[in-house]
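Participant: I would like the atomic coordinates for the input below:
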Amino acid sequence: MSNAAAGSSSKSKAGSSQPYETTSFKRKRGVFQKDLQHMMYGFGDDANPLPETVALVEDIVVEYVTDLAHKAQEIGSKRGKLSVEDFLYQIRKDFPKLNRCTELLSMQEELKQARKAFEVDEEKLASIE
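Facilitator: Just a heads-up that it's a prediction; the model follows:
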């Protein structure tokens, strides 16, 4: 009976926690190490956190982002393309993340318009001279 219980628990864990494990990709570890160290320090950790802690945080972040991208891709595949709205839909219930994403997207649009206006001004100055 203990084997059956162990077998069913391993099936539920494998099925629920890693649904996208069909293709395994080798990823480089430590790619985000410096960035995560700075972020962890900004949130109150030590200036030089333990390498094991940084590696764990990196694994958690990469797993979260990968899972989010896969779920957004599932939604986008119904329409035939992946868009920003698919990601926003995935985080719709997490209001702080949703608000921060919409803020960053609006700032990106403002910067794009400012660059465009700056390029037009440069073209006008070049044509005058």
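Participant: mind giving me the packing neighbours of the longest helix seen in the chain?
Facilitator: Counting residues, the longest helix in the chain under DSSP state H turns out to be helix 95-128. Helix 95-128 sits against helix 84-90, with contacts defined as 3 or more C-beta pairs under 8 Å, 6 or more residues apart in numbering; DSSP states H and E. Glycine gets a C-beta too; all of them are placed from N, C-alpha and C.
Participant: so which residues make contact with the helix it packs on?
Facilitator: With contact meaning C-beta atoms under 8 Å, 6 or more residues apart in numbering, helix 84-90 is reached by 68, 69, 71, 72, 73, 75, 76, 98, 101, 102, 105.
Participant: repeat that for 10 Å
Facilitator: 67-79, 83, 97-98, 101-102, 105, 108 (C-beta atoms under 10 Å, 6 or more residues apart in numbering).
Participant: what's the answer for stretch 36-50, then?
Facilitator: 30, 32, 33, 51, 53, 54, 55, 56, 57, 58, 61.
Participant: before I go, just wanted to say thanks for your time.
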